[in-house]
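Trainee: Structure for the following, please:
(chains A and B)
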Amino acid sequence: MKTISKYNEALYRYQQKITNAAVEDMVLNMGPQHPSTHGVLRLELITDGEIVKEVIPHIGYLHRCFEKHAESLTYQQTIPFTDRMDYLASMNNSHAWVMGVEKMLGIDKDIPKRIEYIRVLVCELNRIASHLIAIGTYGIDIGAFTPFLWCFRDREHIMGMLEWASGSRMLYNYIWVGGLFYDLPVGFEERCREFVEYFKPKMVELNQLLTDNQIFISRTANVGVLPMDVAINYGCSGPVLRGSGLKYDLRRIDNYSVYPELEFDIPVGKGEMGTLGDCWDRYKVRVDEIEQSLRMVEQCLDRLQKELKRTPDFDPRAKLPRKLTPKAQDYYARCEGAKGELGFYFVHDNERSEIPFRAKARGPSYNNLSVLPELGKNVMIADLVAIIGSLDFVLGEVDR
Amino acid sequence: MSFDDIKLLLTQKFGEDVITGEERTGMQPALLINPDYIVEVCMELRNNPKTYFDFLSCLTGMDYGVEAGRFGVVYHLSSIPYHLQLTLKISRENDRSEDNLPSFPSVSSVYRTADWHEREAYDLIGIFFEGHPDLRRILLPDDWEGYPLRKDYKTAEYYKGIKID
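Mentor: The predicted model follows:
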């Protein structure tokens, strides 16, 4: 080992802690290949019997140098990389990135309404798909196998529709700066409406199967209670923050895109089954958000089939700027992704360049995961699995 | 509360030398803060009932390039009760050597979310945060050499004796 300086002192302290813990307690490695860690997350648990005394997360197994890539590619070329951050809700990622770039270029007001509505439509569909995964895999973490299959069955419809629109199942590259890759395929709106009609009763079934299930409630209520002030201080956002009872949704606060024209409520946790901010509340917020997203999808379809109907001469690429050269500035763009506040911080220093000087991605999962050492203190190992599932992070976004 | 009110509030509380400048050209104006005061400034902005900047949206480590010879940190604060946003910037000159990392006070005692953000900035840019409880690398392995997001970073040719193609 190198000599201890102030730069590696923390590493040395950590190694000492693990060595000492291995004598008195047991050090358990959970992951990186453990199915309940939702990807390649490795948790080092210091345990005393069944009780977890401390959780030390180790991340970075899926680090793909997003920020380094963004510094050498143009804004348009980086869009496929943003898709790979939160790969369960790619549309939301590219929407955030594209809105930031459009704002910097000053063309955000010129985007045709039809394009904005299509963007919101696909984003909300993708949000439903992402929450379905969260709910389904949460069930399987706790031991309920059926909801997982049901959720994936329904998600498959969304995947099929988005594949139809963009040509890809998960990593779409569909939303472009100034427009879209293509217009929606003919018949998409009708197919989408069919899906909404099909899906509504399925949600009732899912609620009967999982949400009101007594075993599920016993496993999640009063477990992993996250008070609101702690959630805010840890930078939690999205369903995790709303599960703690705070009505905070950037779709309403920032009123970006066409969200001000849409009617929807913001579901928050109420502590119905136990304490406010427990795992069940976070789960329930996602279930309620699916219903709200369905409402938004219906409203988008209404507009897209009536006043914003497709016309033969409509070209979603008509407004694409020839050169993406914003003025020298820095700008922090944020929007509500499926997991929470998704932000991109752009620093642009050269007016003739199409490449950002620095681009930083603020992934909601990264901040939501950072609360885990706080929540995972003095809980049972089985409860820790319930807590991890309720935070619903995607490692692609944590590691970027 | 407007940008100027916040500026006034800070100068009244901490004196004139707390704010070293401001940037108003972009869409989001930024305050340049004296790095020595950043913890007190964040604490004041978080606790003052007129501002309540209780949410640290983003913390970015910055390398301003070899010619500039400066490193900095950018804080994006957001106030949930008042729906405000504020950008704070701190920066210092540095000679870019491995033994002398640019060093700033850690705000992880004010915002716990800064813990992981500062670890990321340390990991990728090589900014040292004084008073951070656990400043280890977070995304890269513990034995990684160099700081990849620095502008003068050279890609490693070997990792533990294995040639990288």
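
Trainee: where does A:Trp176 fall, phi/psi-wise?
Mentor: The phi/psi pair for A:Trp176 (degrees, to the nearest 10) reads phi -110, psi 160.

Trainee: Next: A:Asn173.
Mentor: Dihedral angles (degrees, to the nearest 10) for A:Asn173: phi 50, psi 40.

Trainee: What sits closest to it if chain neighbours are left out?
Mentor: Excluding its sequence neighbours, the residue lying closest to A:Asn173 (Cβ to Cβ, 6 or more residues apart in numbering or on different chains) is A:Pro80, at 4.8 Å. From N, CA and C alone the C-beta is placed, and that goes for glycine too.

Trainee: Give the burial count for the one you found, as a bare number.
Mentor: By other Cβ atoms under 10 Å in any protein chain shown, 16 other residues sit near A:Pro80.

Trainee: go on, A:Cys335?
Mentor: When neighbours are counted by other Cβ under 10 Å, A:Cys335 registers 23.

Trainee: And for A:Lys270?
Mentor: Residues near A:Lys270, counting by other Cβ under 10 Å: 12.

Trainee: Where does the residue nearest to A:Asn173 fall, secondary structure wise?
Mentor: A:Pro80 belongs to helix A:75-83 when elements are defined using DSSP states H and E.

Trainee: ok, the residue nearest to A:Asn173 touching A:Tyr174?
Mentor: No - with contact defined as Cβ atoms under 8 Å, A:Pro80 does not count as touching A:Tyr174 (10.4 Å).

Trainee: quick one, phi/psi of residue 85?
Mentor: In the absence of a named chain, chain A is used. In terms of degrees, to the nearest 10, the main-chain angles of A:Met85 are phi -70, psi -80.

Trainee: nope, chain B
Mentor: The phi/psi pair for B:Gln85 (degrees, to the nearest 10) reads phi -130, psi 150.

Trainee: cool, and A:Glu190?
Mentor: The phi/psi pair for A:Glu190 (degrees, to the nearest 10) is phi -70, psi -40.

Trainee: tell me which parts of chain B are close to chain A?
Mentor: Taking Cβ under 8 Å from any Cβ of the partner chain as the contact definition, chain B meets chain A at B:25-28, B:30, B:54-58, B:60, B:62-63, B:74, B:76, B:80, B:83, B:85, B:87, B:101, B:111-113, B:115-116, B:124, B:128, B:132, B:134-142, B:148-149.

Trainee: what do you get if the cut-off is 7 Å, keeping everything else the same?
Mentor: For chain B, the residues in contact with chain A (Cβ under 7 Å from any Cβ of the partner chain) are B:25-28, B:54-58, B:60, B:62, B:74, B:76, B:80, B:83, B:87, B:101, B:111-113, B:115-116, B:128, B:134-136, B:138-140, B:142, B:148-149.

Trainee: So for whichever residue of chain B sits closest to chain A, what's the nearest residue that isn't a sequence neighbour?
Mentor: Chain A sits closest to B:Thr113 of chain B, with a gap of 3.0 Å, by Cβ to the nearest Cβ. Residue nearest to B:Thr113 in three dimensions, not counting chain neighbours: A:Gly235, with 3.0 Å by Cβ to Cβ, 6+ apart.

Trainee: quick one: that neighbour and B:Leu56 touch, right?
Mentor: Yes - counting by Cβ atoms under 7 Å, A:Gly235 does reach B:Leu56; the two are 5.8 Å apart.

Trainee: And these two? Which one has more around it.
Mentor: Using other Cβ under 10 Å, the more surrounded residue of A:Gly235 and B:Leu56 is A:Gly235, with 29 against 26.

Trainee: From B:Ser78, how far off is that one?
Mentor: The spacing between A:Gly235 and B:Ser78, counted by Cβ to Cβ, to the nearest Å, is 10 Å.

Trainee: try B:Lys7
Mentor: 18 Å.

Trainee: Neighbour count for the two, which is higher?
Mentor: Between B:Lys7 and B:Ser78, counting by other Cβ under 10 Å, B:Ser78 is the more crowded of the two (24 against 15).

Trainee: Listing partners with orientation, what would you give for the helix or strand harbouring the more buried one?
Mentor: According to DSSP H and E, B:Ser78 maps onto strand B:70-79. Its sheet considered, strand B:70-79 pairs with strand B:55-63 (antiparallel), strand B:84-93 (antiparallel) by DSSP bridges.

Trainee: Deepest-packed of those, please.
Mentor: Mean neighbour counts were compared across the strands paired with strand B:70-79 using mean count of other Cβ atoms under 10 Å in any protein chain shown; the top stretch is strand B:55-63, at a mean of 25.

Trainee: Strands of chain A, residue ranges please.
Mentor: Taking DSSP state E as the criterion, chain A carries its strands at A:26-30, A:42-48, A:51-58, A:175-176, A:179-180, A:329-336, A:341-348, A:358-362, A:379-380.

Trainee: mind listing what the residue in chain A positioned nearest to chain B touches?
Mentor: Nearest to chain B in chain A, going by Cβ to the nearest Cβ, is A:Gly235, at a distance of 3.0 Å. Listed by Cβ atoms under 7 Å, 6 or more residues apart in numbering or on different chains, the contact partners of A:Gly235 are A:Asn367, B:Phe55, B:Leu56, B:Tyr111, B:Thr113.

Trainee: Would you mind naming what in the stretch 151-300 of chain A lies close to chain B?
Mentor: Residues of the stretch 151-300 of chain A found near chain B (Cβ under 7 Å from any Cβ) are A:Ile232, A:Asn233, A:Tyr234, A:Gly235, A:Tyr248, A:Ile253.

Trainee: Read off the pLDDT value for the third one.
Mentor: So that's A:Tyr234. Each residue has a pLDDT score; the one for A:Tyr234 is 91.

Trainee: Please name the bridge partners of the one residue sitting closest to the centre of chain B.
Mentor: In chain B, the C-alpha nearest the mean C-alpha coordinate belongs to B:Val73, at 2.4 Å (Cα atoms, centre = their mean). Legend: beta-bridge partners of B:Val73 under DSSP bridges are B:Gly61, B:Ile90.
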